[in-house]
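Engineer: dropping the sequence and predicted coords here.
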Amino acid sequence: MAVTAAPARGALVLRALGLGDLLTAVPALRALRRGMPGARITLAAPPVLAPLARATGAVDGVLPADGLEAPLPRAGPVDAAVNLHGRGPESHRLLATLAPGRLLAFACPGAGHADGPAWDPGEHEVTRWCRLVAAYGFDADPGDLDLPVPAAASPAPGAVVVHPGAAFPARRWPPERFAAVAAALRDGGERVVVTGGPGEARLARRVVELAGLDRAADLSGLTPLPELAALVAGARLVVCGDTGVAHLATAYRTPSVLLFGPTPPGRWGPPDRAEHRVLWAGRRGDPHGPETCPGLLEITADQAVEAAGKALADPNP
């Protein structure tokens, strides 16, 4: 006779990654919340993501964790540990140190975890985590990606947001092309602002200068995550590469022009909605590479300007 697991009182979910990683896991997190209504769900993730994690409505608390190098702090008994970080073995073993009642994770014989579905390297990131939790009885909707509009005020309501940065050079479209798009949109009557995270101020400044924008258009270093979220939520359009900002545009259904390469949009792209326009030359490469992906270089500024114009002209974004 099958044995039914006792309801979890405390669940810990590991997703110690970046902004886009958190946002692609939202449908899976919400499925866990629905399936464990009485449990306290704690997300192990970088503390900077805590405001958005709580905004999902699926997380009760955030346990500071950034990567897999440091041990996870103890946060009380863990009835269920959920690995939304990777396929193991490192992430599996990290969760095992908490002695959870059960581990919900992809199969990894190397970590002594034979349970769970097999890893599929080609599937979309959202689908992957929905499939994982579904294998353990938690029905997830891959389209459940929306976040509520932030309470913070946008620093530039109604602006076009140009975000030239990306975590690795392989995913960075040249600043000259971002500047050409920014200048064209400015000449078309749009207010354009340029954003950048830590370490991207020089890149943002170069785009502003090349585009001939006013200095006030440079918002790099001035938008901590709550303000950045409010900026994207209140924007007319977002133009960026394959970054966390692209996933914010998805979460707030903000029209966007997204430049993909070397990772295909079939792995990390937005859902098939009219407000998101994806440019992709069809060439894969190393997403962690030290040089801009050749496929990304095949996308021209004129193509991006054309896509932006269509997105802005759409009466039903």
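Structural biologist: Good, I have the coordinates.

Engineer: okay, strands next: where are they in the stretch 1-150 of the chain?
Structural biologist: 10-14, 40-45, 61-64, 80-83, 102-104 (DSSP state E, counting those that start in this stretch).

Engineer: and the shortest one, what does it pack against?
Structural biologist: By that I understand strand 102-104. strand 80-83, helix 90-96 (3 or more Cβ pairs under 8 Å, 6 or more residues apart in numbering; DSSP states H and E). Bear in mind the C-beta positions are built from the backbone N, C-alpha and C, glycine included.

Engineer: turn the ones you listed into JSON lines, including distance to residue 74 and mean neighbour count.
Structural biologist: Output for the helices and strands packed on strand 102-104, formatted as JSON lines (distance: least, Cβ to Cβ, whole Å; neighbours: other Cβ atoms under 10 Å):
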{"stretch": "strand 80-83", "distance to residue 74": "13", "mean neighbour count": "27"}
{"stretch": "helix 90-96", "distance to residue 74": "13", "mean neighbour count": "21"}
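
Engineer: in TSV: the ones you listed, plus mean pLDDT and distance to residue 48.
Structural biologist: Output for these, formatted as TSV (pLDDT from 0 to 100; distance: least, Cβ to Cβ, whole Å):
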stretch	mean pLDDT	distance to residue 48
strand 80-83	97	21
helix 90-96	97	20
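
Engineer: now render these as TSV, adding distance to residue 202.
Structural biologist: TSV is the format used below for the helices and strands packed on strand 102-104 (distance: least, Cβ to Cβ, whole Å):
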stretch	distance to residue 202
strand 80-83	37
helix 90-96	34
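
Engineer: to residue 281, which of these lies closest?
Structural biologist: helix 90-96 (32.6 Å; Cβ to Cβ).

Engineer: the helices and strands packed on strand 102-104: which one's closest to residue 102?
Structural biologist: Among those, strand 80-83 sits nearest to residue 102 (Cβ to Cβ), with 5.5 Å.

Engineer: which residues does that closest one contact?
Structural biologist: By Cβ atoms under 8 Å, 6 or more residues apart in numbering, the residues outside strand 80-83 that reach it are 8, 10-14, 32, 36, 39, 91-92, 95-96, 98, 100-106, 133.

Engineer: try it again at 6 Å.
Structural biologist: Outside strand 80-83, the residues within contact range by Cβ atoms under 6 Å, 6 or more residues apart in numbering are 8, 11-14, 91, 95, 98, 100, 102-105.

Engineer: for residue 128, find the nearest of the helices and strands packed on strand 102-104.
Structural biologist: strand 80-83 (11.6 Å).

Engineer: mind listing what that closest one pairs with, with the direction of each?
Structural biologist: Looking at strand 80-83 with DSSP bridges, its partner strands are strand 10-14 (parallel), strand 102-104 (parallel).

Engineer: so which of those is the most packed in?
Structural biologist: Mean neighbours per residue, mean count of other Cβ atoms under 10 Å, is largest over these for strand 10-14, with a mean of 24.

Engineer: circling back: okay if I get the strands paired with strand 80-83 as TSV plus mean pLDDT and distance to residue 127?
Structural biologist: TSV is the format used below for these (pLDDT from 0 to 100; distance: least, Cβ to Cβ, whole Å):
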stretch	mean pLDDT	distance to residue 127
strand 10-14	96	18
strand 102-104	97	17
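
Engineer: quick one, which of those is nearest to residue 62?
Structural biologist: strand 10-14 (10.1 Å).
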